[in-house]
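Enquirer: Coordinates for the following, if possible.
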Amino acid sequence: QFSAEQAQSEKLRGELASSEEKSTALQQSAAAKEKESAEMIASLQKQLSEQQEAMKAVSTQFSAEQAQSEKLRGELASSKEKSTALDQSAAAKEKESAAMIASLQKQLSEQQEATKAATTQFSAEQAQSEKLRGELASSEAQAEQKSNELQASAKSLSDVRSSLEAQLAELRKRTETDNHAILVQSLDAGQQEISEAGGSLGRTTTAAALLECSQTALSRCEVLTAAMKGYRADHHTVATAAVAVGSLSYSLGRVIEDANSVSASNASTDMVDEVHRLSDVCSSSYEALKNKNADDATVSMAISSILSIVKVINNQAQQLVPEEQKKSEAVGNSVESEMNSMAEAVSQAAKRIEEMMERSKEQDTGEQLEVNSRILDSSSNLMQAIRVLISEARALQTEIVESGRGTLTTDQFYQKNSRWTEGLLSAAQMVGHGAQHLVECADKVVTGKGKFEELEVASHDIAASTAQLVAASRAKADRNSRRLTTLHSASKVVTEKTGHVVVSAKSGVKAQKKAANPDFSKLSTTQGKRMEMEIQVKLLELEAEVEHKRNQLGEVRRLGYSDSGSKKTSRSPSPYP
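Expert: This is a model prediction of the structure:
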């Protein structure tokens with residue numbers, strides 16, 4: 001039995017050796033075909049080697065047991081019990097060996113299955129690798145295409161960048177040219193403004209005003225120097241330079257106009273010479289500033305030339321200020337005197353109207369007395385309204401002077417606001433003359449030596465004069481002043497009373513025409529035809545006369561506006577700060 005078991009063991013070893021050979025052949029075949037699964041096969045070989053070692057250990061153990069069995073058989077004769085025990089032990093060992101062999105067979109089967117699975121997996125991985133290689137080749141082709149496209153795009157971008165850089169350089173050059181053109185235009189406009197100021201008749205002003213505007217011009221010369229320096233460093237600041245040129249040009253124009261006015265009123269030939277020099281230097285200096293390549297020294301010298309002459313005019317103005325302060329006293333006295341004369345003229349006119357009313361009541365009767373009474377009553381009421389208006393205007397004038405003069409005296413306030421003062425004086429004179437003229441026209445109408453139309457025109461004239469007085473007073477008044485509100489109310493009353501005088505004059509014209517009209521019902525056909533022709537001829541003559549008079553009126557008004565404008569400045573307020 002033991003020999004049979006031993007033969008069985010040998011057979012198993014043969015099968016095991018055969019399995020090892022197949023496993024080795026399979027491993028070699030797998031290694032040749034499946035290079036990437038070498039590690040797995042090596043692991044299987046390692047496990048198989050370990051199992052072989054285990055088998056060798058079992059074989060060694062089995063040999064030792066056989067030797068032990070031989071020894072036991074040798075002792076069998078001496079002890080049956082020991083033999084029986086040995087048989088039992090051998091049976092147990094045999095059973096254990098069978099179990100171990102079954103386990104080895106099972107492990108071998110598992111290894112074969114694992115090898116088969118590894119082969120299948122390797123095939124799948126190999127197919128996946130082929131697929132990946134195809135995708136990699138496609139990706140490389142796409143990458144190469146993208147690389148070519150990127151190179152083309154880079155070249156295109158380089159060309160675009162070069163083009164943009166060239167355009168930017170051209171734009172910068174054009175912008176610099178345009179900015180310089182803006183500066184040149186502002187300098188041309190400044191030259192034109194200074195030239196017009198030198199050729200204008202000027203305006204009525206004072207040495208104090210000349211002193212103030214010359215100091216402004218001096219400060220603006222410094223501003224222009226800084227602006228031109230900034231412009232030369234950065235052409236984008238041309239707006240600042242242009243504004244500085246405009247501001248200085250306006251101030252220099254003011255200096256020239258005011259200097260002409262002051263030199264004329266003070267007979268200062270030195271100042272006239274300096275004004276001419278200033279005009280010439282401004283022209284040459286502005287031409288120098290137009291030079292695009294002018295350096296800082298040239299710009300500074302051009303502005304300094306203007307600055308030096310303005311300083312001379314400033315010093316001359318300082319010397320003339322004390323003399324004008326003496327003249328301001330005469331201006332203040334003139335205002336008060338003219339206002340008093342206006343009030344006196346209106347009072348005398350009202351007194352004369354009362355005298356004419358008394359005389360008319362004594363001499364006239366019937367319809368003539370009624371017409372004259374209406375005219376004189378309306379004229380008297382108008383004079384009373386004008387007296388109230390004058391009183392309110394004087395009160396408002398006092399309020400204006402007190403609120404606006406500050407630390408100045410009344411005379412200095414009138415002198416400082418010379419244009420307003422002249423307007424006030426002119427309005428007061430017109431009101432006085434208008435009142436006297438209205439009374440003269442009323443006197444002529446009442447005595448039958450004048451026309452009702454003359455009275456109507458005189459009424460409109462005095463209404464216009466009072467309106468000018470109100471406008472002159474309102475020019476410097478506070479808009480919320482109670483005195484101004486009262487003056488407006490008085491002005492409305494004057495307008496209303498003027499309308500009453502006009503209505504009275506027109507009613508007198510109607511009455512006069514009614515009395516002069518013949519009785520047409522008594523005329524024969526021939527007489528009526530002749531009168532019709534005479535009336536048509538007279539109508540044509542009157543229409544021609546009206547047209548002629550309208551043309552004369554337009555010419556007189558045009559000349560009046562022209563004379564008025566020659567006494568005022570033609571320059572607009574400064575648009576610059």
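
Enquirer: if we look at stretch 353-364, which residues are touching it?
Expert: Applying CB atoms under 8 Å, 6 or more residues apart in numbering, the contact partners of stretch 353-364 are L369, N372, S373, L376, D377, S379, S380, M383, V439, A442, D443, V446. (Each C-beta comes from the backbone N, C-alpha and C, glycine too.)

Enquirer: let me fix that: stretch 427-444
Expert: Under the criterion CB under 8 Å, 6+ apart, residues 338-339, 341-342, 344-346, 348-349, 352-353, 356, 375-376, 379, 382-383, 386, 390, 450-451, 454-455, 457-459, 461-462, 464-466, 468-469, 471-472, 501 lie in contact with stretch 427-444.

Enquirer: Buried members of these into PyMOL, please.
Expert: The buried residues among the contacts of stretch 427-444 can be selected in PyMOL (16 or more other CB atoms under 10 Å) with this line:
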select buried, resi 338+339+342+345+346+349+352+353+356+375+376+379+382+383+386+390+450+454+455+457+458+459+461+462+465+466+468+469+472+501
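
Enquirer: Next step: the contacts of stretch 427-444 restricted to strands.
Expert: Using DSSP state E, no member of those falls within strands.

Enquirer: picking up where we left off before, farthest-separated two in the contacts of stretch 353-364?
Expert: Farthest pair in these (CB to CB) is L369 and M383. Separation: 20.7 Å.

Enquirer: how about the helices of the stretch 101-250 of the chain, start to end?
Expert: Using DSSP state H, counting those that start in this stretch, the helices assigned to the stretch 101-250 of the chain run over residues 207-233, 238-266.

Enquirer: Ignore what I typed, I meant the chain.
Expert: 2-33, 38-76, 80-199, 207-233, 238-266, 269-290, 296-363, 366-404, 410-416, 418-446, 452-474, 482-516, 525-566 (DSSP state H).

Enquirer: still on that earlier bit, so which of the contacts of stretch 353-364 wins on neighbours?
Expert: The residue in the contacts of stretch 353-364 with the most neighbours, by other CB atoms under 10 Å, is S379 (33 neighbours).

Enquirer: Give the rounded mean pLDDT of stretch 460-470.
Expert: Stretch 460-470 comes out with an average pLDDT of 80.

Enquirer: Only alpha carbons, please: show it as PDB.
Expert: Taking Å, rounded to 0.1, in the frame of the first residue of the first chain, the C-alpha atoms of stretch 460-470 are listed here in PDB:
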ATOM      1  CA  HIS A 460     -46.100 158.900 -25.500                       C
ATOM      2  CA  ASP A 461     -42.700 160.600 -25.200                       C
ATOM      3  CA  ILE A 462     -43.000 161.300 -21.500                       C
ATOM      4  CA  ALA A 463     -44.300 157.700 -20.900                       C
ATOM      5  CA  ALA A 464     -41.100 156.400 -22.700                       C
ATOM      6  CA  SER A 465     -39.000 158.800 -20.600                       C
ATOM      7  CA  THR A 466     -40.500 157.600 -17.300                       C
ATOM      8  CA  ALA A 467     -40.100 154.000 -18.400                       C
ATOM      9  CA  GLN A 468     -36.300 154.700 -19.000                       C
ATOM     10  CA  LEU A 469     -36.100 156.200 -15.600                       C
ATOM     11  CA  VAL A 470     -37.600 153.000 -14.100                       C
END
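
Enquirer: Can you list the neighbours in contact with that stretch?
Expert: 382, 386, 389-390, 393, 423-424, 426-428, 430-431, 433-435, 437-438, 487-488, 491, 494-495, 498, 502.

Enquirer: Now with 7 Å, please.
Expert: For stretch 460-470, contacts defined as CB atoms under 7 Å, 6 or more residues apart in numbering pick out 386, 389, 393, 427-428, 430-431, 434-435, 437-438, 487, 491, 494-495, 498.

Enquirer: For E15, state which of those is nearest.
Expert: Distance to E15 across the contacts of stretch 460-470 (CB to CB) is lowest for L487, with 142.8 Å.

Enquirer: Now that that closest one has come up, it's in contact with A472, right?
Expert: No - L487 is not in contact with A472 according to CB atoms under 7 Å; the separation is 11.0 Å.
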